[in-house]
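Enquirer: what would the 3D arrangement of this be:
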Amino acid sequence: MGLLMVMTLALLVYAIAQRRLHQALKELQATLPNQIRKETGKPTLRWIFQLLDGIELVKMCIEKTIHIVISGLTTLKQRILGYLGSSVMKIYGLDSQPAPTT
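Expert: As a prediction, the model looks like this:
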């Protein structure tokens, strides 16, 4: 019973995130590439997660000072994060400016 509740909650969060992404793309009249590199205004969240793969948090200790760097942020990944909202942009250490539409 508990596993069913967790799965239902996960599907609800997934659906809400996908809907918000589609709304942001529609409001900005923007598109993202799908699996066959065709531009679409309604990509699946599963595909978006695959596009975001490769972003990594790197912690380096240089002369007893810890430096934190986020690597793997391409312009496409930054655009996607921008469509997901300012709170997501803040998590990734990006400015909360509107996402470019190009």
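Enquirer: make it CA atoms for all contacts and neighbour counts henceforth
Expert: OK.
Enquirer: helix or strand right after the longest helix that the chain contains?
Expert: Of all segments of type helix in the chain, defined using DSSP state H, the longest is helix 2-27. Sequence-wise, the next helix or strand downstream of helix 2-27 (DSSP states H and E) is strand 32-33.
Enquirer: before we move on, back to that, so what's the gap between the longest helix of the chain and the chain middle?
Expert: Its chain's C-alpha centre and that of helix 2-27 lie 13 Å apart, by Cα atoms, centre = their mean, to the nearest Å.
Enquirer: counting by contacts, list what that helix packs against.
Expert: The helices and strands touching helix 2-27, judged by 3 or more Cα pairs under 8 Å, 6 or more residues apart in numbering; DSSP states H and E, are helix 45-51, helix 75-83.
Enquirer: the residue nearest in space to the middle of the chain and Val69: what is the separation?
Expert: Nearest residue to the geometric centre of the chain (Cα atoms, centre = their mean): Leu81, 4.0 Å. To Val69, Leu81 is 17 Å away according to Cα to Cα, to the nearest Å.
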